[in-house]
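[1] next one to model:
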Amino acid sequence: MLWLRPAVLLMVAATLAGCGEEAKRERPLTLVKTAVVHAQPRSTVIRLTGDVQARVSTELSFRVSGRVVERLVDVGAHVKAGDILARLDPTEQRADLVGAQAALTAAEAQLRLATATYERQKTLMASGFTTRVAFDQAQEGLRAAEGSVDTAKAQLGIAKDALGYTELRASAAGIITARNVEVGQVAQSAQAAYTLAEDGARDAVFDVYEAIFLVPVGSGTIKLSLVSNPAVTAVARPREISPTVDPKTGSVRVKLSIENPPPEMTLGSAVVGEGHSRAVDKIVVPWSALTADQSGAAVWLVDPKTHEVSLKNVAIESYETHSVVIGGGLAVGDRIVVDGGKMLRPGQIVGEAGDAA
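    Take a look at the predicted model:
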(Lines give C-alpha, C1' and ligand atoms only; values in the text may rest on other atoms or scores of the structure.)
Protein backbone atom coordinates (compact mmCIF):
# COMPACT_ATOMS: atom_id res chain seq x y z
CA MET A 1 0.00 0.00 0.00
CA LEU A 2 2.92 2.34 0.61
CA TRP A 3 3.71 2.39 -3.07
CA LEU A 4 0.28 4.04 -3.74
CA ARG A 5 1.03 7.17 -1.64
CA PRO A 6 3.27 8.98 -4.18
CA ALA A 7 0.72 8.43 -6.91
CA VAL A 8 -2.10 9.79 -4.75
CA LEU A 9 -0.06 12.88 -3.82
CA LEU A 10 0.69 13.60 -7.49
CA MET A 11 -2.98 13.32 -8.39
CA VAL A 12 -4.03 15.69 -5.57
CA ALA A 13 -1.36 18.26 -6.57
CA ALA A 14 -2.44 18.13 -10.21
CA THR A 15 -6.08 18.59 -9.20
CA LEU A 16 -5.28 21.62 -6.99
CA ALA A 17 -3.18 23.22 -9.71
CA GLY A 18 -5.97 22.79 -12.23
CA CYS A 19 -8.47 24.34 -9.83
CA GLY A 20 -6.16 27.38 -9.28
CA GLU A 21 -5.74 27.96 -13.00
CA GLU A 22 -9.48 27.59 -13.51
CA ALA A 23 -10.17 30.06 -10.69
CA LYS A 24 -7.67 32.49 -12.15
CA ARG A 25 -9.28 32.19 -15.55
CA GLU A 26 -12.75 32.60 -14.14
CA ARG A 27 -11.92 35.59 -11.82
CA PRO A 28 -14.39 38.38 -12.72
CA LEU A 29 -13.12 41.76 -13.93
CA THR A 30 -13.47 44.76 -11.63
CA LEU A 31 -15.73 47.27 -13.35
CA VAL A 32 -14.64 50.90 -13.00
CA LYS A 33 -15.30 54.14 -14.80
CA THR A 34 -12.31 55.39 -16.75
CA ALA A 35 -11.52 58.46 -18.79
CA VAL A 36 -8.82 59.55 -21.21
CA VAL A 37 -6.72 62.46 -19.98
CA HIS A 38 -6.72 65.55 -22.17
CA ALA A 39 -5.73 69.18 -21.72
CA GLN A 40 -8.19 72.05 -21.53
CA PRO A 41 -7.69 75.82 -21.26
CA ARG A 42 -7.89 77.02 -17.66
CA SER A 43 -7.71 80.50 -16.17
CA THR A 44 -7.46 81.38 -12.50
CA VAL A 45 -9.97 83.80 -10.99
CA ILE A 46 -8.23 86.32 -8.71
CA ARG A 47 -10.39 88.13 -6.16
CA LEU A 48 -9.05 90.75 -3.77
CA THR A 49 -10.64 93.25 -1.39
CA GLY A 50 -9.61 96.91 -1.25
CA ASP A 51 -11.09 100.35 -0.82
CA VAL A 52 -11.78 103.51 -2.83
CA GLN A 53 -9.39 106.42 -2.33
CA ALA A 54 -8.85 109.79 -3.95
CA ARG A 55 -6.08 109.86 -6.49
CA VAL A 56 -4.77 113.14 -5.04
CA SER A 57 -4.74 113.44 -1.26
CA THR A 58 -3.15 116.59 0.22
CA GLU A 59 -1.91 117.27 3.73
CA LEU A 60 -2.90 120.86 4.60
CA SER A 61 -0.89 122.73 7.23
CA PHE A 62 -0.33 126.26 8.54
CA ARG A 63 2.77 128.04 7.27
CA VAL A 64 3.27 129.84 10.58
CA SER A 65 3.06 128.67 14.18
CA GLY A 66 0.38 129.83 16.60
CA ARG A 67 -2.57 128.97 18.80
CA VAL A 68 -5.70 127.70 17.03
CA VAL A 69 -8.64 130.00 17.82
CA GLU A 70 -11.21 128.73 15.32
CA ARG A 71 -11.94 125.47 13.51
CA LEU A 72 -14.57 125.81 10.77
CA VAL A 73 -14.83 122.34 9.19
CA ASP A 74 -14.76 118.73 10.33
CA VAL A 75 -14.12 115.32 8.81
CA GLY A 76 -16.51 114.53 5.96
CA ALA A 77 -17.15 118.15 5.00
CA HIS A 78 -16.99 119.07 1.33
CA VAL A 79 -15.05 122.28 0.73
CA LYS A 80 -14.29 124.47 -2.24
CA ALA A 81 -10.95 125.91 -3.25
CA GLY A 82 -10.16 128.91 -1.05
CA ASP A 83 -12.57 128.06 1.79
CA ILE A 84 -11.21 128.86 5.25
CA LEU A 85 -10.72 125.73 7.34
CA ALA A 86 -9.16 127.09 10.56
CA ARG A 87 -7.59 130.24 12.04
CA LEU A 88 -4.66 130.99 14.31
CA ASP A 89 -4.43 133.84 16.81
CA PRO A 90 -3.16 136.72 14.58
CA THR A 91 -1.98 139.04 17.42
CA GLU A 92 1.72 138.45 16.82
CA GLN A 93 1.42 138.71 13.05
CA ARG A 94 -0.61 141.95 13.28
CA ALA A 95 2.05 143.47 15.54
CA ASP A 96 4.70 142.49 13.01
CA LEU A 97 2.62 144.13 10.27
CA VAL A 98 2.29 147.38 12.22
CA GLY A 99 6.03 147.37 12.84
CA ALA A 100 6.75 146.80 9.15
CA GLN A 101 4.43 149.66 8.18
CA ALA A 102 6.15 151.97 10.63
CA ALA A 103 9.56 150.95 9.33
CA LEU A 104 8.43 151.73 5.80
CA THR A 105 7.13 155.13 6.84
CA ALA A 106 10.46 155.95 8.49
CA ALA A 107 12.40 154.74 5.47
CA GLU A 108 10.30 156.87 3.13
CA ALA A 109 10.87 159.95 5.34
CA GLN A 110 14.59 159.29 5.31
CA LEU A 111 14.43 158.95 1.54
CA ARG A 112 12.72 162.32 1.18
CA LEU A 113 15.40 163.97 3.33
CA ALA A 114 18.19 162.27 1.41
CA THR A 115 16.64 163.32 -1.88
CA ALA A 116 16.40 166.96 -0.79
CA THR A 117 20.02 166.93 0.42
CA TYR A 118 21.22 165.43 -2.84
CA GLU A 119 19.33 167.95 -4.97
CA ARG A 120 20.76 170.83 -2.92
CA GLN A 121 24.30 169.52 -3.19
CA LYS A 122 23.79 168.97 -6.91
CA THR A 123 22.78 172.63 -7.39
CA LEU A 124 25.65 173.89 -5.29
CA MET A 125 28.08 171.64 -7.13
CA ALA A 126 27.00 173.13 -10.44
CA SER A 127 27.62 176.67 -9.04
CA GLY A 128 30.91 175.72 -7.46
CA PHE A 129 29.80 176.53 -3.89
CA THR A 130 30.34 173.04 -2.42
CA THR A 131 33.01 170.45 -2.29
CA ARG A 132 33.18 167.19 -4.14
CA VAL A 133 33.25 165.28 -0.88
CA ALA A 134 29.96 166.78 0.33
CA PHE A 135 28.31 166.00 -3.01
CA ASP A 136 29.48 162.38 -2.91
CA GLN A 137 28.21 161.97 0.65
CA ALA A 138 24.79 163.27 -0.36
CA GLN A 139 24.69 160.89 -3.30
CA GLU A 140 25.61 157.90 -1.13
CA GLY A 141 23.01 158.94 1.44
CA LEU A 142 20.34 158.95 -1.28
CA ARG A 143 21.28 155.47 -2.45
CA ALA A 144 21.25 154.13 1.12
CA ALA A 145 17.82 155.66 1.72
CA GLU A 146 16.46 154.08 -1.46
CA GLY A 147 17.80 150.68 -0.33
CA SER A 148 16.18 151.13 3.08
CA VAL A 149 12.83 151.82 1.44
CA ASP A 150 13.11 148.67 -0.70
CA THR A 151 13.98 146.61 2.39
CA ALA A 152 11.06 148.06 4.36
CA LYS A 153 8.67 147.29 1.49
CA ALA A 154 9.90 143.69 1.37
CA GLN A 155 9.47 143.33 5.14
CA LEU A 156 5.97 144.77 4.87
CA GLY A 157 5.10 142.18 2.20
CA ILE A 158 6.42 139.37 4.40
CA ALA A 159 4.38 140.65 7.35
CA LYS A 160 1.22 140.77 5.23
CA ASP A 161 1.82 137.21 4.01
CA ALA A 162 2.41 136.02 7.57
CA LEU A 163 -0.88 137.56 8.65
CA GLY A 164 -2.63 135.79 5.77
CA TYR A 165 -1.00 132.50 6.76
CA THR A 166 -2.92 132.56 10.05
CA GLU A 167 -5.91 131.41 7.97
CA LEU A 168 -5.73 127.86 6.61
CA ARG A 169 -7.52 127.62 3.28
CA ALA A 170 -8.42 124.66 1.06
CA SER A 171 -6.05 124.31 -1.87
CA ALA A 172 -8.69 122.61 -4.04
CA ALA A 173 -12.25 121.34 -3.94
CA GLY A 174 -12.63 118.05 -2.12
CA ILE A 175 -13.60 116.20 1.04
CA ILE A 176 -11.88 116.49 4.42
CA THR A 177 -10.81 112.96 5.40
CA ALA A 178 -8.75 113.69 8.52
CA ARG A 179 -8.37 116.45 11.14
CA ASN A 180 -5.41 116.82 13.50
CA VAL A 181 -6.02 120.19 15.24
CA GLU A 182 -8.30 121.41 18.01
CA VAL A 183 -9.23 124.88 19.24
CA GLY A 184 -6.66 126.03 21.81
CA GLN A 185 -3.93 123.79 20.46
CA VAL A 186 -0.58 125.35 19.53
CA ALA A 187 -0.01 124.30 15.95
CA GLN A 188 3.49 124.25 14.53
CA SER A 189 4.26 125.34 11.02
CA ALA A 190 4.18 122.46 8.52
CA GLN A 191 2.26 120.29 11.02
CA ALA A 192 -0.54 118.47 9.18
CA ALA A 193 -3.84 120.00 10.24
CA TYR A 194 -6.25 118.50 7.69
CA THR A 195 -6.14 115.86 4.98
CA LEU A 196 -8.00 116.82 1.81
CA ALA A 197 -9.11 114.22 -0.73
CA GLU A 198 -9.46 116.25 -3.89
CA ASP A 199 -12.44 115.85 -6.19
CA GLY A 200 -11.85 114.13 -9.50
CA ALA A 201 -10.22 110.81 -10.29
CA ARG A 202 -10.66 107.90 -7.89
CA ASP A 203 -8.44 104.86 -7.31
CA ALA A 204 -9.16 101.40 -5.96
CA VAL A 205 -6.28 100.52 -3.63
CA PHE A 206 -5.32 96.91 -2.83
CA ASP A 207 -2.60 95.39 -0.66
CA VAL A 208 -1.72 92.15 -2.44
CA TYR A 209 0.70 89.32 -1.74
CA GLU A 210 3.86 89.34 -3.83
CA ALA A 211 3.32 85.93 -5.45
CA ILE A 212 0.28 87.21 -7.32
CA PHE A 213 2.58 88.92 -9.82
CA LEU A 214 3.79 85.50 -10.97
CA VAL A 215 0.36 84.81 -12.48
CA PRO A 216 0.08 86.22 -16.03
CA VAL A 217 -2.98 88.45 -16.31
CA GLY A 218 -5.30 87.70 -19.18
CA SER A 219 -6.80 91.19 -19.48
CA GLY A 220 -5.74 94.74 -18.74
CA THR A 221 -8.99 95.53 -16.94
CA ILE A 222 -10.28 94.56 -13.51
CA LYS A 223 -13.94 94.34 -12.57
CA LEU A 224 -14.86 96.16 -9.36
CA SER A 225 -17.99 95.69 -7.28
CA LEU A 226 -19.11 97.10 -3.95
CA VAL A 227 -18.96 94.72 -1.00
CA SER A 228 -22.19 96.20 0.34
CA ASN A 229 -23.96 96.07 -3.04
CA PRO A 230 -22.40 93.75 -5.66
CA ALA A 231 -24.81 95.11 -8.28
CA VAL A 232 -22.80 98.36 -8.35
CA THR A 233 -19.83 97.67 -10.62
CA ALA A 234 -17.11 99.54 -12.45
CA VAL A 235 -14.06 98.85 -14.58
CA ALA A 236 -10.54 99.70 -13.42
CA ARG A 237 -7.07 99.55 -14.91
CA PRO A 238 -3.70 99.23 -13.13
CA ARG A 239 -2.17 102.67 -12.58
CA GLU A 240 0.57 102.25 -10.01
CA ILE A 241 2.38 99.31 -8.40
CA SER A 242 4.60 99.93 -5.42
CA PRO A 243 8.22 98.92 -6.16
CA THR A 244 8.77 97.81 -2.55
CA VAL A 245 7.22 95.28 -0.18
CA ASP A 246 5.73 96.54 3.06
CA PRO A 247 8.07 95.17 5.77
CA LYS A 248 5.24 94.88 8.30
CA THR A 249 2.56 93.16 6.21
CA GLY A 250 4.68 91.62 3.45
CA SER A 251 2.26 92.98 0.86
CA VAL A 252 2.59 95.22 -2.19
CA ARG A 253 0.27 98.20 -2.70
CA VAL A 254 -1.48 98.33 -6.06
CA LYS A 255 -3.57 101.27 -7.26
CA LEU A 256 -6.20 100.86 -9.98
CA SER A 257 -7.68 103.79 -11.86
CA ILE A 258 -11.49 103.57 -11.79
CA GLU A 259 -13.10 104.48 -15.10
CA ASN A 260 -16.30 106.53 -14.65
CA PRO A 261 -16.84 105.58 -10.99
CA PRO A 262 -20.54 105.37 -10.05
CA PRO A 263 -21.79 107.77 -7.34
CA GLU A 264 -22.27 104.84 -4.97
CA MET A 265 -18.49 104.23 -4.91
CA THR A 266 -17.75 106.93 -2.38
CA LEU A 267 -14.44 107.48 -0.63
CA GLY A 268 -13.62 104.63 1.73
CA SER A 269 -16.06 102.17 0.14
CA ALA A 270 -14.94 98.55 0.33
CA VAL A 271 -14.70 96.98 -3.13
CA VAL A 272 -13.89 93.56 -4.55
CA GLY A 273 -11.57 93.40 -7.54
CA GLU A 274 -11.92 90.41 -9.83
CA GLY A 275 -9.52 89.47 -12.59
CA HIS A 276 -8.66 86.40 -14.66
CA SER A 277 -5.28 84.97 -15.46
CA ARG A 278 -4.25 84.15 -19.01
CA ALA A 279 -5.77 80.85 -20.24
CA VAL A 280 -3.24 77.99 -20.21
CA ASP A 281 -3.78 74.36 -21.21
CA LYS A 282 -3.93 72.22 -18.07
CA ILE A 283 -4.81 68.61 -17.22
CA VAL A 284 -7.89 68.55 -15.00
CA VAL A 285 -9.28 65.41 -13.36
CA PRO A 286 -12.35 64.96 -11.15
CA TRP A 287 -12.00 64.69 -7.39
CA SER A 288 -13.06 61.02 -7.50
CA ALA A 289 -9.93 60.09 -9.49
CA LEU A 290 -7.59 61.22 -6.75
CA THR A 291 -6.07 58.77 -4.27
CA ALA A 292 -2.78 58.60 -2.40
CA ASP A 293 0.10 56.37 -1.41
CA GLN A 294 3.19 56.77 0.74
CA SER A 295 4.71 59.20 -1.77
CA GLY A 296 1.70 61.51 -1.89
CA ALA A 297 -1.18 62.14 -4.27
CA ALA A 298 -1.71 59.55 -7.02
CA VAL A 299 -4.22 58.25 -9.58
CA TRP A 300 -4.92 54.77 -10.94
CA LEU A 301 -3.38 54.45 -14.41
CA VAL A 302 -4.86 51.81 -16.76
CA ASP A 303 -2.52 49.93 -19.12
CA PRO A 304 -4.18 50.08 -22.58
CA LYS A 305 -2.95 46.58 -23.52
CA THR A 306 -3.31 44.46 -20.39
CA HIS A 307 -5.96 46.58 -18.63
CA GLU A 308 -3.97 46.30 -15.43
CA VAL A 309 -3.96 49.25 -13.07
CA SER A 310 -1.00 50.85 -11.34
CA LEU A 311 -0.60 53.83 -9.05
CA LYS A 312 0.84 56.93 -10.67
CA ASN A 313 2.02 59.77 -8.47
CA VAL A 314 0.94 63.23 -9.56
CA ALA A 315 1.70 66.80 -8.55
CA ILE A 316 -1.31 68.89 -7.58
CA GLU A 317 -1.25 72.46 -8.87
CA SER A 318 -4.56 73.64 -7.41
CA TYR A 319 -7.82 72.38 -6.00
CA GLU A 320 -11.16 73.46 -7.42
CA THR A 321 -14.75 72.84 -6.38
CA HIS A 322 -15.30 69.58 -8.26
CA SER A 323 -11.93 68.94 -9.85
CA VAL A 324 -8.16 68.98 -9.36
CA VAL A 325 -5.64 70.69 -11.64
CA ILE A 326 -2.65 68.41 -12.24
CA GLY A 327 0.75 70.06 -12.41
CA GLY A 328 2.73 66.97 -13.41
CA GLY A 329 2.79 63.18 -13.54
CA LEU A 330 0.18 62.62 -16.26
CA ALA A 331 0.36 62.97 -20.01
CA VAL A 332 -2.33 63.67 -22.56
CA GLY A 333 -3.79 60.36 -23.75
CA ASP A 334 -3.34 58.43 -20.47
CA ARG A 335 -6.40 56.49 -19.31
CA ILE A 336 -7.12 56.77 -15.61
CA VAL A 337 -9.78 55.46 -13.26
CA VAL A 338 -12.17 58.28 -12.35
CA ASP A 339 -14.68 56.26 -10.32
CA GLY A 340 -14.54 52.95 -8.50
CA GLY A 341 -10.87 53.03 -7.56
CA LYS A 342 -11.29 52.77 -3.79
CA MET A 343 -10.98 48.98 -3.70
CA LEU A 344 -8.31 48.57 -6.38
CA ARG A 345 -4.83 47.19 -5.86
CA PRO A 346 -1.78 47.36 -8.14
CA GLY A 347 -1.82 44.81 -10.95
CA GLN A 348 -5.57 44.25 -10.80
CA ILE A 349 -7.35 43.86 -14.14
CA VAL A 350 -10.29 46.21 -14.66
CA GLY A 351 -13.06 46.50 -17.14
CA GLU A 352 -13.13 49.86 -18.85
CA ALA A 353 -16.28 51.95 -18.87
CA GLY A 354 -17.09 55.57 -19.70
CA ASP A 355 -16.13 58.04 -22.36
CA ALA A 356 -13.20 60.37 -22.70
CA ALA A 357 -13.09 63.16 -20.12
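[2] next one: Ala138 from Thr30, what distance?
    Going from Ala138 to Thr30 by Cβ to Cβ, to the nearest Å gives 125 Å. In this view, the C-beta of every residue, glycine as well, is placed from N, C-alpha and C.
[3] and Ser148, that one's in a strand?
    No: following the definition DSSP: H, G, I helix; E, B strand; the rest coil, Ser148 is helix and is not counted among the residues of a strand.
[4] so Ala138 and Thr30 - more neighbours on which side?
    Per other Cβ atoms under 10 Å, whichever of Ala138 and Thr30 has more neighbours is Ala138, with 21 against 17.
[5] so where's the protein shaky on pLDDT?
    1-28, 352-357 (pLDDT under 70).
[6] ok, now with 80
    Residue ranges of the chain with pLDDT under 80: 1-29, 43-44, 213-219, 277, 352-357.
[7] in what helix or strand does the residue sitting nearest the centre point of it lie?
    Among the residues of the chain, the smallest C-alpha distance to the mean C-alpha position (Cα atoms, centre = their mean) belongs to Val254, namely 2.3 Å. Taking DSSP states H and E as the criterion, the element that holds Val254 is strand 251-259.
[8] which strands border that strand, and is each parallel or antiparallel?
    When sheet partners are counted by DSSP bridges, strand 251-259 sits next to strand 202-209 (antiparallel), strand 233-241 (antiparallel).
[9] identify the residues contacting that strand?
    Taking Cβ atoms under 8 Å, 6 or more residues apart in numbering as the criterion, the residues outside strand 251-259 that touch it are 52-53, 55, 201-210, 213, 222, 224, 234-242, 244-246, 265, 273.
[10] before we move on, what about stretch 166-180?
    Residues outside stretch 166-180 that contact it (Cβ under 8 Å, 6+ apart) are 54, 56-58, 60-62, 64, 66, 71, 73-90, 93, 191-199, 267.
[11] now, those residues that are in helices?
    By the criterion of DSSP state H, membership of these in helices covers Gln93.
[12] out of the contacts of stretch 166-180, which are buried?
    Among the contacts of stretch 166-180, those buried by neighbour count (16 or more other Cβ atoms under 10 Å) are 54, 57-58, 60-62, 64, 66, 71, 73, 77, 79, 85-88, 90, 93, 193-199.
[13] where do the helices sit along the chain?
    5-26, 91-127, 132-164.
[14] so how far is the second one off the chain centroid?
    Read that as helix 91-127. Computed by Cα atoms, centre = their mean, to the nearest Å, the separation of helix 91-127 from the middle of its chain amounts to 62 Å.
[15] elements contacting it?
    Packed against helix 91-127, as judged by 3 or more Cβ pairs under 8 Å, 6 or more residues apart in numbering; DSSP states H and E, are the following elements: helix 132-164.
[16] for the helix it packs on, name the packing helices and strands.
    Using 3+ Cβ pairs under 8 Å, 6+ apart as the contact criterion, the elements in contact with helix 132-164 are helix 91-127.
[17] buried set for the helix it packs on?
    For helix 91-127, by 16+ other Cβ under 10 Å, it's 92-93, 96-97, 100, 103-104, 107, 110-111, 114, 117-118, 121, 125.
[18] one more: stretch 298-317?
    In terms of neighbour count (16+ other Cβ under 10 Å), stretch 298-317 has its buried residues at 298-302, 307, 309, 311-312, 314.
[19] for Ser277, state which of those residues is nearest.
    Of all the buried residues of stretch 298-317, the one with the least separation from Ser277 (Cβ to Cβ) is Val314, at 21.5 Å.
[20] residues contacting the closest one?
    Residues in contact with Val314, defined by Cβ under 8 Å, 6+ apart, are 297-299, 326-330.
[21] and with 10 Å instead?
    The neighbours of Val314, taking Cβ atoms under 10 Å, 6 or more residues apart in numbering as the test, are 283, 285, 289-292, 296-299, 301, 324, 326-330, 336.
[22] for His322, same thing?
    Contacts for His322 were tallied using Cβ under 10 Å, 6+ apart; they are 284, 286-288.
[23] and it, how far from Lys282?
    15 Å.
[24] Leu48 versus the residue nearest to Asn229 when sequence neighbours are not counted, what's the distance?
    Spatial nearest neighbour of Asn229, excluding adjacent residues (Cβ to Cβ, 6 or more residues apart in numbering): Glu264 at 6.7 Å. From Glu264 over to Leu48 the distance is 20 Å, taken as Cβ to Cβ.
[25] higher neighbour count, these two?
    More neighbours surround Leu48 than the other of Glu264 and Leu48, with 17 against 13 (other Cβ under 10 Å).
[26] how about Ala289, nearest residue that isn't a chain neighbour?
    Val338 (4.4 Å).
[27] how near is Glu108 to Val36?
    The separation that Glu108 has from Val36, given Cβ to Cβ, amounts to 102 Å.
[28] then Gly275?
    From Gly275 over to Val36 (counting by Cβ to Cβ), the distance is 32 Å.
[29] between the two, which one's more packed in?
    Neighbours were counted for Gly275 and for Val36 using other Cβ under 10 Å; Gly275 has more, 22 against 15.
[30] which ones are touching that one?
    Contact analysis of Gly275 by Cβ under 10 Å, 6+ apart lists 43-48, 212, 215, 217-223, 236, 238, 256.
[31] apply 7 Å and report the result again.
    46, 217, 219, 222 (Cβ atoms under 7 Å, 6 or more residues apart in numbering).
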